[in-house]
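Undergrad: Sequence unavailable; structure follows:
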């Protein structure tokens, strides 16, 4: 999922360079959402691994 966030971020950067404001904003928004979903998933996985060890 982090890979998709990076891909959408790169798409947003390329669209911003070429002046496509709406596309850049949409791709940046999707990248931001995917990044936060990745962070939440990573945190949950980390917490479950700590509770399983104890």
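TA: Structure received. Computed from a predicted model, the values in this text were never measured in an experiment.
Undergrad: Residue 27 - how many residues pack around it?
TA: For residue 27, the count of nearby residues is 21 (other CB atoms under 10 Å). Yep, even glycine has a C-beta here, placed from its N, CA and C like the rest.
Undergrad: quick one: buried residues of the helix or strand containing it?
TA: Using DSSP states H and E, residue 27 sits in helix 21-53. Using 16 or more other CB atoms under 10 Å as the test for burial, helix 21-53 gives 24, 27-28, 30-31, 34-35.
Undergrad: go on, stretch 9-20?
TA: Buried-residue list, stretch 9-20, by 16+ other CB under 10 Å: 9, 11-12, 15.
Undergrad: hmm, who's touching that stretch?
TA: Stretch 9-20 is contacted from outside by 23-28, 31, using CB atoms under 8 Å, 6 or more residues apart in numbering.
Undergrad: at 6 Å instead, please
TA: 23-24, 27-28, 31 (CB atoms under 6 Å, 6 or more residues apart in numbering).
Undergrad: circling back: which one of the buried residues of stretch 9-20 sits closest to residue 41?
TA: residue 9 (17.9 Å; CB to CB).
Undergrad: angle of the host helix or strand of the closest one against helix 21-53?
TA: Per DSSP H and E: residue 9 is located in helix 2-18. Inter-element angle recorded for helix 2-18 and helix 21-53: 160 degrees (by axes from the mean of the first three to the mean of the last three CA atoms, to 10 degrees).
Undergrad: if we can go back for a sec, return the distance of the helix holding residue 27 from the chain's centre.
TA: 6 Å (CA atoms, centre = their mean, to the nearest Å).
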